[in-house]
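In: Next comes the sequence, and after it the predicted model I'd like to discuss.
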Amino acid sequence: MTAVARKVDERLAWKVPVVDAGHLIFRTAEQPASVWSVLKPWHQGILVIMTIVVVFSALSVVLVQHIYRQQLRSFHVQMNTRDALNRAWSQLLVEQSAWGALDHVETAARSQLHMVIPDLSQVTFLQAPPLQASSLQASSLQASPILSVPPVSVSVSSTAEGRQRVVATASETE
């Protein structure tokens with residue numbers, strides 16, 4: 001055996017502490033056949049149980065990591081869906097404000113419904129008589145109307161496009 005091989009063999013050999021003349025000395029002992037044969041039976045049982053627990057713990061970590069990644073992926077999908085719905089909602093709000101603008105409503109009324117602003121002679125303004133302190137009693141309010149509306153006459157005529165035109169005018173009878 002060479003010197004290097006002897007040193008490696010000494011390092012790998014089992015060292016057993018021995019007390020000789022008050023000094024602690026490590027001597028080389030024979031290496032046992034296996035570590036398992038050195039253990040007592042109840043130590044072997046503990047080692048088997050600990051091995052099973054370590055394997056179960058490792059599998060649990062893998063399973064929990066897999067479930068976490070699935071839930072994270074689902075979360076990102078739901079967040080993307082939420083963002084897309086928020087963008088669509090914003091666009092609908094902008095569209096609603098555009099369709100509800102007075103200019104758009106007036107243009108649609110003129111072009112599609114053929115509505116026109118009436119002449120000043122066709123407009124009737126209604127005025128309520130001024131309220132007096134004596135007319136604020138409950139019995140007087142029920143007995144006398146505050147606002148009187150003149151009778152209205154309605155005429156229906158057909159246009160050249162085949163549509164009907166409705167005109168309501170107030171007739172003055174006094």
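Out: Sure thing, it's come through.
In: okay, CA-based contacts and neighbour counts for the rest of this
Out: Noted.
In: ok, K40 to V62 distance?
Out: Separation of K40 from V62 (C-alpha to C-alpha, to the nearest Å) stands at 33 Å.
In: In terms of neighbours, single out the busier of these two.
Out: More neighbours surround V62 than the other of K40 and V62, with 12 against 9 (other C-alpha atoms under 10 Å).
In: State the distance from that one to I52.
Out: Relative to I52, and taking C-alpha to C-alpha, V62 is found at 15 Å.
In: What helices and strands are in contact with the helix or strand where Q71 lies?
Out: Assigned by DSSP states H and E, Q71 belongs to helix 41-99. Using 3 or more C-alpha pairs under 8 Å, 6 or more residues apart in numbering; DSSP states H and E as the contact criterion, no helix or strand is in contact with helix 41-99.
In: what's the next secondary structure element after that helix?
Out: helix 102-112.
In: quick one: average confidence on that next one?
Out: Helix 102-112 carries an average pLDDT of 85.
In: again with stretch 48-68
Out: 96.
In: CA-only coordinates of that stretch in PDB, if you can.
Out: The C-alpha trace of stretch 48-68 is given here as PDB (Å, rounded to 0.1, in the frame of the first residue of the first chain):
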ATOM      1  CA  VAL A  48     -38.200   3.900   9.300                       C
ATOM      2  CA  ILE A  49     -40.900   6.200  10.700                       C
ATOM      3  CA  MET A  50     -38.700   9.300  10.200                       C
ATOM      4  CA  THR A  51     -37.900   8.200   6.600                       C
ATOM      5  CA  ILE A  52     -41.600   7.900   5.900                       C
ATOM      6  CA  VAL A  53     -42.300  11.300   7.500                       C
ATOM      7  CA  VAL A  54     -39.600  12.900   5.400                       C
ATOM      8  CA  VAL A  55     -40.900  11.400   2.200                       C
ATOM      9  CA  PHE A  56     -44.500  12.400   3.000                       C
ATOM     10  CA  SER A  57     -43.400  15.900   3.900                       C
ATOM     11  CA  ALA A  58     -41.500  16.200   0.500                       C
ATOM     12  CA  LEU A  59     -44.600  15.000  -1.400                       C
ATOM     13  CA  SER A  60     -46.800  17.400   0.600                       C
ATOM     14  CA  VAL A  61     -44.500  20.300  -0.400                       C
ATOM     15  CA  VAL A  62     -44.700  19.300  -4.000                       C
ATOM     16  CA  LEU A  63     -48.500  19.100  -3.900                       C
ATOM     17  CA  VAL A  64     -49.000  22.400  -2.100                       C
ATOM     18  CA  GLN A  65     -46.700  24.100  -4.600                       C
ATOM     19  CA  HIS A  66     -48.700  22.600  -7.500                       C
ATOM     20  CA  ILE A  67     -52.000  23.800  -5.900                       C
ATOM     21  CA  TYR A  68     -50.500  27.300  -5.300                       C
END
